[in-house]
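S.K.: sequence below, structure please.
(2 chains)
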Amino acid sequence: MSEEPTIGLRIREVLATYLKRDPATIKSEHTLRDDLGLDSLMTFELLYDIENAFDLEIPNEDLPGLTTIGEVTAYIEARVNPKHASLPDKKRTIPQHPKSQPSLTKAPKGRTTGPTKSKTSATPAKGRTTTRQAKSKTTLPTAQKRSTTKKTKTV
Amino acid sequence: MAPKVVVTGLGIISPIGIGVSNFWKAALEGRQGISAIKSFGDLPIEQYRSRVAGQIHNFNPQEFLDEKHFARVDRYAQFGLVAAKEAILDAGIRMERESPDRVGVMVGAGMGGMMMGEREITQLYYTGKPHRVHPNFIPTITLNSASGIIAMAHGAKGPNLTISTACSSSVHAIGQALNCIRMGQADVVIAVGADASITPLVFAGFCSLRALSSRYNDTPSQASRPFDRGRDGFVMGEGAGALILETLQHAKRRRARVYAEVAGYAATSEAYHMVVPREDGIEIAKAISLALEDASANPAQVDYVNAHATSTMVGDEIEVRGLRQAFKGRANKLLVNATKSLIGHTLGAAGAIGSIVTILAIDTGLVHPSVNYEDPDPECTLPGISAKVQERRIKVGIANAFGFGSNNGVLVFKKYSPK
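M.R.: Residues are numbered from 1 along each chain as shown, chains lettered A, B, ... in the order given. You can find the predicted model right below:
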């Protein structure tokens, strides 16, 4: 077995599989909601796939910081390999994949754009994070520096 | 002309009290029924993102029910039986004096018999023995087991339906009861909402949907906080509510006490998204307007709203947006409260319990506190939301319920004054 793909690539593979699009078209600065067209439910489904691929659990408190592919990648890197979290995204091995990964060359193609952008979920909250967190007695450390750009559900 | 329909009996089982008087006393005191989930059997409860719920502790069906009725149905149907029994007694309905064909049952349930459902499914896959699946599995998990057993318990042979529209189920059960009576299919309908699905799989499912509060696992009483800035998802509850609806004429003939008139109902779909309402609130406003129209009421006459208000970030905000659009200037004069702040979200029971609260608010002039409303979220604040009891003569009140599947339901209740 040769070198395994970087975390960034693997996340893009998971995303490409989920969205049925070419991983090469997914960029680090893409936002899940506006650029890739994921509503809140689709975001949770994607994170579920990522949790599965990397064998970890993403707590709700960490969601506000996960709005772009770059942020998700950095977050997973930090979770998988905390020591190297600050390093740039270069080739690195990942301990124990729970599943064999699909090869990049076989990544499904076809639809190259995401589903129609949906305005459904979650408008960005306007500058309310600071006050909320200042007031909240139980805010967890992981959530503190992140802005609330994504809200949770629903009816 | 369609007959006037009134409510003459109420019944409730909730995390803050079994029986209407216990519930209402606790509600007015702002007593909370949310606690930490102690265990899901052998499953690692600490691995659930959310670990708080509005559970009914120490429920013994034999205290309330005949064994031949409760023994073969799931917990949600037992709750439904308890609430229906109280409502029938409260209304003074004596079935031996009624024509059985003219008494219907409408039940709203979101999840149904999930206790036995989960147990049997797990057992089959674990043991691999199909013949060990319990003979009563199918009758128990079938979603109309509650409406069936309630009819059997009381000999009600009229229309018997189960409405399942997730969290709005029992607003529609009451609405369909109203329509059923208006159309002349029944004189009396026992309308019930019931759910009891705080089970390992269902609860895990709501956790995975990231719909539940997870920030307050160590402080359960703070977890359900509709309209508050610190809210982070709903808290699951369980329970049942029951209402006796009948024509005014039928109620007068039996000299029954009338709590309120069920004056209007609207059922709509946003045809939009499985779990998220339209952000602009326009669909919610439309449902409210249609219900008011059905009740021949105008927005300026409404005094009180029992909000759906589940304590999710998006939901509460959109509901207030909808209220502002439907009521315009009147929105600032409405009294509004969130029953889920006390008992969590009882899913299929929520609409019936919210309707009972609306009727009691009309009957007593008291609006229970929305607890944990400490730091109003400017995105969804209204002057009429309060963490304290509010008092006002209420002539018209509405109860909202919105469900997964893009589903909305609104009921309008009016004070009844005999002339």
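
S.K.: name the nearest residue to B:Thr364, ignoring sequence neighbours.
M.R.: Nearest residue to B:Thr364, sequence neighbours excluded (Cβ to Cβ, 6 or more residues apart in numbering or on different chains): B:Trp24, at 7.8 Å. Quick note: C-beta positions are derived from backbone N, CA and C, even for glycine.

S.K.: secondary structure element holding that neighbour?
M.R.: helix B:20-28 (DSSP states H and E).

S.K.: contacting residues around the residue nearest to B:Thr364?
M.R.: Applying Cβ atoms under 8 Å, 6 or more residues apart in numbering or on different chains to B:Trp24 gives the contacts B:17, B:360, B:364, B:368.

S.K.: put the alpha carbons of the helix or strand B:Val314 falls within into PDB.
M.R.: Here B:Val314, judged by DSSP H and E, is contained in helix B:313-327. Extracted C-alpha coordinates of helix B:313-327, given in PDB (Å, rounded to 0.1, in the frame of the first residue of the first chain):
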ATOM      1  CA  MET B 313     -32.400  28.200  16.900                       C
ATOM      2  CA  VAL B 314     -34.200  28.400  13.500                       C
ATOM      3  CA  GLY B 315     -37.700  27.300  14.500                       C
ATOM      4  CA  ASP B 316     -38.500  29.800  17.200                       C
ATOM      5  CA  GLU B 317     -37.200  32.700  15.100                       C
ATOM      6  CA  ILE B 318     -39.300  31.700  12.000                       C
ATOM      7  CA  GLU B 319     -42.400  31.200  14.100                       C
ATOM      8  CA  VAL B 320     -42.100  34.800  15.500                       C
ATOM      9  CA  ARG B 321     -41.500  36.000  12.000                       C
ATOM     10  CA  GLY B 322     -44.700  34.200  11.000                       C
ATOM     11  CA  LEU B 323     -46.600  35.700  13.900                       C
ATOM     12  CA  ARG B 324     -45.500  39.200  13.000                       C
ATOM     13  CA  GLN B 325     -46.700  38.800   9.400                       C
ATOM     14  CA  ALA B 326     -50.000  37.200  10.400                       C
ATOM     15  CA  PHE B 327     -50.800  39.700  13.200                       C
END
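
S.K.: just the mean pLDDT for it, thanks.
M.R.: Throughout helix B:313-327, pLDDT has a mean value of 98.

S.K.: check which helices and strands whichever helix or strand B:Gly80 is part of sits against.
M.R.: B:Gly80 belongs to helix B:75-91 when elements are defined using DSSP H and E. Contacts defined by 3 or more Cβ pairs under 8 Å, 6 or more residues apart in numbering or on different chains; DSSP states H and E place helix B:75-91 against strand B:5-14, helix B:67-70, helix B:145-154, strand B:188-195, strand B:239-247.

S.K.: can you tell me which of these is packed in deepest?
M.R.: Counting by mean count of other Cβ atoms under 10 Å in any protein chain shown, strand B:188-195 has the highest mean neighbour count of these, with a mean of 34.

S.K.: buried ones in the helix or strand just after that one, by neighbour count?
M.R.: As assigned by DSSP H and E, the chain's next helix or strand after strand B:188-195 is helix B:200-208. Going by neighbour count (16 or more other Cβ atoms under 10 Å in any protein chain shown), the buried part of helix B:200-208 is B:200, B:202-204, B:206-207.

S.K.: and the helix or strand that comes right after helix B:200-208, what does it pack onto?
M.R.: Note on helix B:200-208: by DSSP H and E, the next helix or strand toward the C-terminus is strand B:236-237. Counting contacts by 3+ Cβ pairs under 8 Å, 6+ apart, strand B:236-237 packs against strand B:52-54.

S.K.: the strand it packs on near chain A anywhere?
M.R.: No: judged by Cβ under 8 Å from any Cβ of the partner chain, strand B:52-54 and chain A are separated, with a smallest distance of 11.9 Å.

S.K.: which parts of the biggest helix by length in chain A are buried?
M.R.: Longest helix in chain A by number of residues (criterion: DSSP state H): helix A:40-54. The neighbour-count check on helix A:40-54 (16+ other Cβ under 10 Å) flags A:40-44, A:46-47, A:50-51, A:53-54 as buried.

S.K.: rebuild those as CSV, extending it with pLDDT and distance to B:Asp101.
M.R.: Below are the buried residues of helix A:40-54 laid out as CSV (pLDDT from 0 to 100; distance: Cβ to Cβ, whole Å):
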residue, pLDDT, distance to B:Asp101
A:Ser40, 89, 48
A:Leu41, 92, 45
A:Met42, 92, 49
A:Thr43, 93, 52
A:Phe44, 94, 48
A:Leu46, 92, 54
A:Leu47, 93, 54
A:Ile50, 92, 58
A:Glu51, 93, 55
A:Ala53, 91, 59
A:Phe54, 93, 61
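
S.K.: out of those residues, the closest to B:Lys157 would be?
M.R.: Nearest to B:Lys157 among these, counting by Cβ to Cβ, is A:Leu41 at 42.4 Å.

S.K.: list the contacts for that closest one?
M.R.: Applying Cβ under 8 Å, 6+ apart to A:Leu41 gives the contacts A:121, B:209, B:273-276.

S.K.: if we go to 7 Å?
M.R.: Going by Cβ atoms under 7 Å, 6 or more residues apart in numbering or on different chains, A:Leu41 touches B:274-275.

S.K.: do the same with A:Leu38
M.R.: Applying Cβ under 7 Å, 6+ apart to A:Leu38 gives the contacts A:32, A:46.

S.K.: do the same with B:Tyr265
M.R.: So B:Tyr265 contacts B:175, B:178, B:291, B:294, B:411 (Cβ under 7 Å, 6+ apart).

S.K.: go again with 8 Å.
M.R.: B:171, B:174-175, B:178-179, B:291, B:294, B:409-412.

S.K.: next: B:His154.
M.R.: By Cβ under 8 Å, 6+ apart, the contact list for B:His154 reads B:84, B:88, B:95, B:103, B:190.

S.K.: so what's A:Gly70 closest to, chain neighbours aside?
M.R.: In space, A:Gly70 is closest to A:Ser28, 3.9 Å off (Cβ to Cβ, 6+ apart).

S.K.: give me the number of residues near the closest residue to A:Thr73 other than its chain neighbours?
M.R.: Nearest non-adjacent residue to A:Thr73, counting by Cβ to Cβ, 6+ apart: A:Gly8, 4.4 Å away. By other Cβ atoms under 10 Å in any protein chain shown, 20 other residues sit near A:Gly8.

S.K.: stretch B:89-108 spans what distance, first to last residue?
M.R.: 21 Å (Cα to Cα, to the nearest Å).

S.K.: pLDDT of that stretch, averaged?
M.R.: Stretch B:89-108 shows a mean pLDDT of 98.

S.K.: measure stretch B:327-340 end to end?
M.R.: 22 Å.

S.K.: coming back round to it: for the helix or strand just after the longest helix of chain A, name the packing helices and strands.
M.R.: Downstream of helix A:40-54, the first helix or strand assigned by DSSP H and E is helix A:69-80. If you count contacts as 3+ Cβ pairs under 8 Å, 6+ apart, helix A:69-80 packs onto helix A:7-19, helix A:40-54.
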